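> have a look; sequence and predicted model below, questions after that.
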Amino acid sequence: MPATPDNHITIVLATANRDKVKELRPLLETISPLFSVVSLDELGVKVDIEETEETLEGNALLKARAIFTLLSEHLPFMIALADDTGLEVNALHGAPGVYSARFAPVADGQTPTYKENVSHLLHCMKGVANREARFRTVVALKGALPSTEGCFRFEHCAEGMVAGSITLEEQGDEGFGYDPLFLVNATGKTYAEMSTVEKNRLSHRSLAVQQAIADLRTILQQNSIPLTDINTHP
């Protein structure tokens, strides 16, 4: 029997960050015609999930679980996808790490802007010779998928990492966050000097999502969940 919209699988991007949505959507839309990708904004969901864990893995799972719990009653077959990303600088003993989005000092109850985080990092690195760093992303998936048993539930994490260094000043006008300061070893350019297409080929978030997609395909195959017709099982 042909698949219908009722048994399509919805991937919900568990983030309110539009820049992340812009990066993630093209990476996920090619998995299968049975999958649709939506953001919280498109679903009209306004939720503030406090990142209280001490690891990237913990925060990614925290967000994926929260969105799954919130929406699974309305979306029987869905995957909540969340990520947490950290810039880990050797000279700062791995900081800002899990606090990358909240690195610059600001008044209580406020979140630093991209510009404030960039300026604070440059201040912390002033006069520092060792500028080695890495960007690391952990993607968490929590899902409920159609199967021969009715519904298959799972949780999974995947990771992507890119090595680089911190520049002495901002370079480039593209991207967001720390992109103007992160010089990728493999290219000799900052993320902010790359097009979206070029960055998506090699970024830490792209690598994590690509690994998550590969792992998801394995999960589907191991549980006899086809990518072309949900209702066709061996």
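Now that the structure is in, tell me what you want to look at.
> which parts of the lowest-mean-pLDDT helix or strand in the chain are buried?
Every helix and strand in the chain was compared by mean pLDDT, DSSP states H and E; the lowest is helix 18-28, with a mean of 81. Across helix 18-28, burial judged by 16 or more other C-beta atoms under 10 Å covers 20-21, 23-24, 27-28. For the C-beta atoms, the positions are set from N, CA and C on the backbone; glycine is no exception.
> try stretch 112-123
Neighbour-count burial for stretch 112-123 flags 112, 114, 117-118, 120-122 (criterion: 16+ other C-beta under 10 Å).
> and what of stretch 96-103?
Quick answer for stretch 96-103 (16+ other C-beta under 10 Å): 96-98, 100-101, 103.
> shaky segments in this structure?
1-7, 226-234 (pLDDT under 70).
> kindly list the longest helix within it.
The residue-count maximum for a helix in the chain (DSSP state H) belongs to helix 204-222.
> chain center to that helix: distance?
In terms of C-alpha atoms, centre = their mean, to the nearest Å, the centre of helix 204-222 is found 12 Å from the chain centre.
> that one vs helix 18-28, what angle?
Going by axes from the mean of the first three to the mean of the last three C-alpha atoms, to 10 degrees, helix 204-222 is angled at 40 degrees with respect to helix 18-28.
> CA atoms of helix 204-222 as CSV?
Extracted in CSV, the C-alpha atoms of helix 204-222 (Å, rounded to 0.1, in the frame of the first residue of the first chain):
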residue,chain,number,x,y,z
HIS,A,204,31.8,19.9,12.4
ARG,A,205,28.0,20.2,12.3
SER,A,206,27.9,18.7,8.8
LEU,A,207,30.1,15.8,9.8
ALA,A,208,28.0,15.1,12.8
VAL,A,209,24.8,15.2,10.8
GLN,A,210,26.3,13.0,8.0
GLN,A,211,27.3,10.5,10.7
ALA,A,212,23.8,10.7,12.2
ILE,A,213,22.2,10.1,8.8
ALA,A,214,24.5,7.1,8.2
ASP,A,215,23.7,5.7,11.6
LEU,A,216,19.9,6.3,11.1
ARG,A,217,20.0,4.4,7.8
THR,A,218,21.7,1.5,9.7
ILE,A,219,19.0,1.7,12.4
LEU,A,220,16.3,1.6,9.7
GLN,A,221,17.8,-1.4,8.0
GLN,A,222,18.4,-3.3,11.2
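> in it, what counts as buried?
Within helix 204-222, the residues scored as buried using 16+ other C-beta under 10 Å are 204-213, 216, 219-220.
> next: stretch 126-145.
So for stretch 126-145, counting by 16+ other C-beta under 10 Å, buried means 131, 133-145.
> among those residues, which lie within helices?
With helices defined by DSSP H, no entry of these lies inside them.
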